[in-house]
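Undergrad: need a structure here:
(one chain, ligands or ions: 2)
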Amino acid sequence: MKNIAIIGASGYTGAQITALIENAPGLSVQGLYVSENSLDKGKALADLYPVYQQIPYVLQPLTAAAKAQIVAESDAVVLATEHAVSLELAAWFYAQGLSVFDLSGAYRFADAAQYPKWYGFEHTQPEVLAQAIYGLAEWNADKIAATRMIAVPGCYPTASLLALKPVKSLLTSTWPVINAVSGVTGAGRKAQLHTSFCEVSLTPYGVLGHRHQPEIATHLGQQVIFTPHLGNFKRGILATITAQLQPGTTTEQVAQAYSVYDDSPLVKVTHNRFPKVDDVVLTPNCHIGWKFDEASGYLVVASAIDNLMKGAASQALQCIKIHFNL
Ligand SMILES: NC(=O)C1=CN([C@@H]2O[C@H](COP(=O)(O)OP(=O)(O)OC[C@H]3O[C@@H](n4cnc5c(N)ncnc54)[C@H](OP(=O)(O)O)[C@@H]3O)[C@@H](O)[C@H]2O)C=CC1
Ligand SMILES: CC(=O)N[C@@H](CCC(=O)OP(=O)(O)O)C(=O)O
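TA: Numbers count the residues shown, from 1 in each chain. Ligands and ions are numbered 1, 2, ... in the order given. Here you go, the predicted model:
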């Protein structure tokens, strides 16, 4: 049995992964933690989320004593915390010998020089960063098994990379164009004006400047245009991508490229049929639909995931299972 501590457990992704770990054979929850001065410390998770009434744990403040207890009792920590918080906590727990599964973006770029521009901080942990592996489960399983520092991908990059990586060798130098819509849970649980009920509609944001653009480009190995949109639904992401393929590419070649997922139980690919967000919400699945126009060489591929599941918590669970060979 592998014992896992969950830090940031009162947030959307933290609560979701708590529920997944609680129900996963071979895994147990060591404890649930929030910040030392959290307004939620001492509350049961089920008080915050009655849907999790079967989950018995209380949210504990992450004090120095709590950290020592985590190290003594746990095999791994899940960090469901914001980037700057994960930056320090990941390095500390890694140094204590635990495996670290970080849901934030603090360890997703190998190049430390990217962090000031995209995350607003200097990366203070270059040795740990050098050990970090990008936890895109279907593509990096061998490396996830071999390292203790796993940077779980962002939600938009998960949807986009699962759709584009199979056809990477068929792309031209023309940048693929990714338009993606996310539900509001993508922005986390904390109160913010732009995610309040009356403000949410359907609109692009972060245009030509969202931090997931370089994350996708880095892990695809090709520049992209990425435009996220906030939609008026709770969960789910739909990324619709237009990409130019090499002259002479055939539909058969594209089908062959997507057959890479034939043995991946969580990724379902369909030709000429496109996914709906509702079909993946509350599941760990990614649904990909594509259509290719041989005359123009343009591919349109759409990819749907639940941002809190395959875009965060269930992908972290996949990484945990791969890492501990469960
Ligand atoms: N929401 C999504 O769809 C996705 C989110 N992510 C990433 O996952 C991480 C968590 O996101 P999300 O669940 O949405 O965020 P939330 O804002 O919903 O939750 C953040 C959690 O962190 C806790 N926290 C804050 N500061 C500290 C601290 N110093 N020590 C311990 N706990 C702390 C908060 O509790 P409190 O403040 O009460 O202490 C809360 O439990 C972020 O890095 C996010 O970018 C990644 C993919 C998808
Ligand atoms: C709707 C919404 O606000 N979504 C978030 C992305 C959530 C995510 O994937 O988080 P990381 O920060 O861990 O990459 C955003 O655009 O910032």
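Undergrad: report pLDDT for Lys268.
TA: In this prediction, Lys268 carries a pLDDT score of 98.
Undergrad: tell me which element it falls in.
TA: Secondary structure here is read from DSSP states H and E; on that basis Lys268 sits in strand 267-271.
Undergrad: what pairs with that strand, and is each one parallel or antiparallel?
TA: In its sheet, strand 267-271 lies beside strand 286-293 (parallel), with partners assigned from DSSP bridges.
Undergrad: and the strand it pairs with, anywhere near ligand 1?
TA: No: contact check for strand 286-293 against ligand 1, using Cβ under 6 Å from any ligand atom: none in range, with a minimum separation of 13.9 Å. The C-beta positions use only the backbone N, C-alpha and C, and glycine is treated the same way.
Undergrad: just to revisit the earlier point, distance between the strand holding Lys268 and the chain's centre?
TA: Distance of strand 267-271 from the chain centroid (Cα atoms, centre = their mean, to the nearest Å) equals 20 Å.
Undergrad: with stretch 305-315 instead?
TA: Taking Cα atoms, centre = their mean, the mean C-alpha location of stretch 305-315 is offset from the chain mean by 6 Å.
Undergrad: for stretch 74-92, same thing?
TA: For stretch 74-92, the gap between its own C-alpha mean and the chain's C-alpha mean amounts to 15 Å (Cα atoms, centre = their mean).
Undergrad: next one: stretch 240-251
TA: A distance of 26 Å separates the C-alpha centroid of stretch 240-251 from that of its chain, computed with Cα atoms, centre = their mean.
Undergrad: mind listing what's buried in that stretch?
TA: Using 16 or more other Cβ atoms under 10 Å as the burial criterion, the residues of stretch 240-251 that qualify are 240-241, 243-245, 249.
Undergrad: among those residues, name the ones in helices.
TA: When DSSP state H is applied, the buried residues of stretch 240-251 are split such that none fall in helices.
Undergrad: filter those down to the ones near ligand 1?
TA: Counting by Cβ under 6 Å from any ligand atom, nothing from these sits close to ligand 1.
Undergrad: adding pLDDT, write those out as a markdown table.
TA: Compiled in a markdown table, the buried residues of stretch 240-251 are given as follows (pLDDT from 0 to 100):
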| residue | pLDDT |
| --- | --- |
| Thr240 | 99 |
| Ile241 | 99 |
| Ala243 | 98 |
| Gln244 | 98 |
| Leu245 | 98 |
| Thr249 | 98 |
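Undergrad: in JSON lines: those, plus distance to Leu32.
TA: JSON lines is the format used below for those (distance: Cβ to Cβ, whole Å):
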{"residue": "Thr240", "distance to Leu32": "37"}
{"residue": "Ile241", "distance to Leu32": "37"}
{"residue": "Ala243", "distance to Leu32": "42"}
{"residue": "Gln244", "distance to Leu32": "47"}
{"residue": "Leu245", "distance to Leu32": "47"}
{"residue": "Thr249", "distance to Leu32": "49"}
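Undergrad: of those residues, which belong to strands?
TA: 240-241, 243-244 (DSSP state E).
Undergrad: write out the residues of the stretch 101-250 of the chain neighbouring ligand 2.
TA: 104-105, 154-156, 182, 186-187, 228, 230.
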